[in-house]
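[1] Quick one, structure for this:
(3 chains)
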Amino acid sequence: MPAPILTLTTDFGLSDHYVGAMKGVILGICPNAQIVDISHQVSPYAIGEGAFTIAQVYRYFPAGTVHVGVVDPGVGSARRPIVVEAAEQLFVGPDNGVFGMILAREKHTVRLIQNRQYFREPVSHTFHGRDIFAPVAAHLAAGVAPSRIGEILADYVRPPFANPRKKDARTWEGEILKVDRFGNVVTNFRADDFPVLEELTVGDAKAQRLVHSYAEAADGELVVIGGSSGYLELSLNQGSAAEKIGCRAGGVCQVRV
Amino acid sequence: MPAPILTLTTDFGLSDHYVGAMKGVILGICPNAQIVDISHQVSPYAIGEGAFTIAQVYRYFPAGTVHVGVVDPGVGSARRPIVVEAAEQLFVGPDNGVFGMILAREKHTVRLIQNRQYFREPVSHTFHGRDIFAPVAAHLAAGVAPSRIGEILADYVRPPFANPRKKDARTWEGEILKVDRFGNVVTNFRADDFPVLEELTVGDAKAQRLVHSYAEAADGELVVIGGSSGYLELSLNQGSAAEKIGCRAGGVCQVRV
Amino acid sequence: MPAPILTLTTDFGLSDHYVGAMKGVILGICPNAQIVDISHQVSPYAIGEGAFTIAQVYRYFPAGTVHVGVVDPGVGSARRPIVVEAAEQLFVGPDNGVFGMILAREKHTVRLIQNRQYFREPVSHTFHGRDIFAPVAAHLAAGVAPSRIGEILADYVRPPFANPRKKDARTWEGEILKVDRFGNVVTNFRADDFPVLEELTVGDAKAQRLVHSYAEAADGELVVIGGSSGYLELSLNQGSAAEKIGCRAGGVCQVRV
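    Residues are numbered from 1 along each chain as shown, chains lettered A, B, ... in the order given. You can find the predicted model right below:
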């Protein structure tokens, strides 16, 4: 039997002890877990960025994987802890939209995390990652059925998922989902929806040429690329498009077809 | 049999090859080890910060876990390598106080690392993490008894552990142990010792209200919270208290009860 | 049977989802892999820095380890994907010099990655780490013979490996290979080739004293040390030599004997 896989996506950073404490709790419950760090560098409190990160990886993991997502500004408040069953995988975290892109895409069941038998006691008010999400995820990875965690929840948070809006016959307005380490500007225009286009603009910056790989771009040329995430990206060859344009996640962009 | 767990806490950072080399050595000796990175972002040479980090995680790990702590400005000098047995776990690193908070809290036995049979040869003068601590820890994780590593040591380093000092009937002076990624200011006042208080101050900044969760704080309000580490923290709701106050680890703080 | 070991060295950073996606693909193919992150903080597109990092760690890993190296500015262009067999280990990545230091040191066989049966389909033009290198490496780790991946390649890239040049009877000119987190300046002068020396210079900075450990250096004294990597380093005791000197990787240095 292969080891159960458990992934972690948080805004805890890598300097503090928080991620290490979660891993200790997980291994105490599920000693043979394959723990995979997706990212702990989600910007603090940036639920949308966490949602994008998790949504970009889950389909590359085998069925049965348990994903923990903790970007949780409301920890200790009335916001609820949930388990989402979707795409033959499980997602454990706060009910604040951090799994919003998965809820928008996949058939799913959402359960409230209720059964304190699977918590770490005493439960702190400030670190549910360690005291609720890690132990519940570890029990799920070890084989506990989601139905034992809690009841099905109907009124969970469904964040307005940022889809492009049609402005006129030839123009769509969208949003920058992410700027990656290389400075690629990832938009929310699905590449499949725009096999051809006349122009992609962010502020004053424009790109007309749709290329297949970064290496096709001339030196300093801003190009459009159907990126590995499935979305249109604005890119430079070996340079930062985001820096050249001066933009960041959440900003507005437009496509003219 | 579950895989032996071996954790790593260092100031090596994540850009260099140092941590990777240690892991190679470990896996050559104990191929099925569950290696857990606690943090490699301890500030360079900051023994106290390393001590805090390790002390914050060990109790969440199962009995038998081997913790390696390498913050080692004196590598290659006369400072000694040690193994600490405490809390049914093992701690491997330099005798410079990096396990000081555990020595202050737990019953313990300290052994000198002497038996070169468990070293990687040739031993360098600058990287005992790779040549002494990693291989000794891997042998311990693989089942070698601590008594085979070396003799019991009586005169190991016990750093002055920063406990708050009473200044007058109502005032205690303490120290900032850590500023975390979110800007929470972790003091060395144990939350259990101060169930009520009148004021916590750092420089000119004051907080009177003791809350249970970040979300209880009003916008921009500096609050006191009994943090997940067991210490009082100064915090803002979704903002950096440390930045607002302008303070850092090692600074002075006061509680008035 | 111990779990197969698979290491990752990339310039993908730790904020994005790219490394997580690669790990998902790997675990889908080789569920019991021991995945070891060497570094994902190689400077973007810095093939030489990636080559140095991989070359510094492979010998600490057991025979049979599979190393993935992805610093790949030419992804999607005509540059070829390769598998290198050397030192009883395997290296998977682009044919752009990222394994150059291993090719310069070890007997090796280089194969073209051809057999699409081991790819993840559809193969993107921008993320061969996920679609080619991760799955091929995982299949190799799971036991697929390199000969099944593709044919032997004769005309692979052999980057000019930066060896010191003799300038006159007593002077050698070399290059700075790396500045590490502590500010140690790692040169390409092999420590074994210079058991004694009169002076090591970088720009206006000079160091005459060859020491064995950082702790031997006086406060603020720039010293030469035969570092853990096997090369001469310029170092300060508990300070950054690189900052004091004002130098970085790629810069020139000189030894006078």
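[2] residues of stretch A:124-137 that come out buried?
    Residues of stretch A:124-137 classed as buried: A:124-137 (neighbour count, 16 or more other C-beta atoms under 10 Å in any protein chain shown). Where you see a C-beta, it was placed from the backbone N, CA and C, and this is true even at glycine.
[3] Closest to chain C out of the residues you listed?
    A:Ala137 (15.9 Å; C-beta to the nearest C-beta).
[4] tell me the contacts of the closest one?
    Counting by C-beta atoms under 8 Å, 6 or more residues apart in numbering or on different chains, A:Ala137 makes contact with A:Leu6, A:Ile26, A:Val66, A:Val68, A:Leu90, A:Val92.
[5] Count the residues that sit near the third one.
    What it means is A:Val66. A total of 26 residues lie near A:Val66 under the criterion other C-beta atoms under 10 Å in any protein chain shown.
[6] In this structure it contacts A:Leu6, no?
    Yes: using C-beta atoms under 8 Å, A:Val66 makes contact with A:Leu6 at a distance of 4.8 Å.
[7] what touches both of those two?
    Listed contacts common to A:Val66 and A:Leu6 are A:Ala137, A:Ala141; contacts here mean C-beta under 8 Å, 6+ apart.
[8] re earlier: what's the closest of the contacts of A:Ala137 to chain B?
    Out of those, the member with the shortest distance to chain B (by C-beta to the nearest C-beta) is A:Ile26, at 9.2 Å.
[9] What sits closest to the closest one if chain neighbours are left out?
    A:Ala138 (4.4 Å; C-beta to C-beta, 6 or more residues apart in numbering or on different chains).
[10] Let me know the secondary structure of that neighbour.
    helix (DSSP: H, G, I helix; E, B strand; the rest coil).
[11] Report how many residues lie close to it.
    Using other C-beta under 10 Å, A:Ala138 has 28 neighbouring residues.
[12] show me what contacts it?
    With C-beta under 8 Å, 6+ apart, A:Ala138 has these contacts: A:Leu6, A:Val25, A:Ile26, A:Leu27, A:Gly28, A:Ile29, A:Cys30, A:Ala33.
[13] Which secondary structure element is home to the first one?
    In this case it means A:Leu6. strand A:5-10 (DSSP states H and E).
[14] Which neighbours in the sheet does that strand have, and how are they oriented?
    The sheet places strand A:5-10 alongside strand A:34-39 (parallel), strand A:66-70 (parallel), with pairing taken from DSSP bridges.
[15] Name the next helix or strand following the longest one along the chain.
    Following the chain from strand A:34-39 toward its C-terminal end, the next helix or strand by DSSP H and E is helix A:47-57.
[16] How about that following helix and chain C, any contact?
    Yes: using C-beta under 8 Å from any C-beta of the partner chain, helix A:47-57 comes into contact with chain C via A:Phe52, A:Thr53, A:Gln56, A:Val57.
[17] got TSV for those, with pLDDT and neighbour count too?
    Putting the residues of helix A:47-57 next to chain C into TSV (pLDDT from 0 to 100; neighbours: other C-beta atoms under 10 Å in any protein chain shown) gives the following:
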residue	pLDDT	neighbour count
A:Phe52	95	23
A:Thr53	97	25
A:Gln56	96	25
A:Val57	98	25
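[18] related to what we said a few turns ago, looking only at pLDDT, what's the mean for the strand holding A:Leu6?
    Throughout strand A:5-10, pLDDT has a mean value of 98.
[19] and the next helix or strand after it, what other elements does it pack with?
    Later in the chain than strand A:5-10, the nearest helix or strand by DSSP H and E is helix A:18-29. Applying 3 or more C-beta pairs under 8 Å, 6 or more residues apart in numbering or on different chains; DSSP states H and E, one finds that helix A:18-29 contacts strand A:5-10, strand A:34-39, helix A:134-141, strand B:5-10, strand B:34-39, helix B:47-57.
[20] Can you add distance to A:Cys253 and give those back as a markdown table?
    Shown next, in a markdown table, are those (distance: least, C-beta to C-beta, whole Å):
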| stretch | distance to A:Cys253 |
| --- | --- |
| strand A:5-10 | 25 |
| strand A:34-39 | 23 |
| helix A:134-141 | 36 |
| strand B:5-10 | 42 |
| strand B:34-39 | 37 |
| helix B:47-57 | 41 |
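[21] can you list the residues of chain A near chain C?
    Applying C-beta under 8 Å from any C-beta, we find that chain A lies next to chain C at A:2-3, A:5, A:7, A:9, A:14, A:34, A:36-42, A:52-53, A:56-62, A:65, A:178, A:180-182, A:212-216, A:225, A:227-229, A:237-238.
[22] Show the buried residues in those residues.
    Here, 16+ other C-beta under 10 Å leaves A:3, A:5, A:7, A:9, A:14, A:34, A:36-42, A:52-53, A:56-58, A:60-62, A:65, A:178, A:180-182, A:213-216, A:225, A:227-229, A:237-238 buried among the residues of chain A next to chain C.
[23] Look up phi and psi at the residue in the stretch 101-250 of chain A positioned nearest to chain C.
    When scored by C-beta to the nearest C-beta, the stretch 101-250 of chain A has A:Ser213 as its residue closest to chain C, at 2.5 Å. Per-residue torsions, A:Ser213: phi -140, psi 160 (degrees, to the nearest 10).
[24] got the contact list for it?
    Shown in contact with A:Ser213 (C-beta under 8 Å, 6+ apart): A:Ile225, C:Val75, C:Gly76, C:Ser77, C:His125, C:Thr126.
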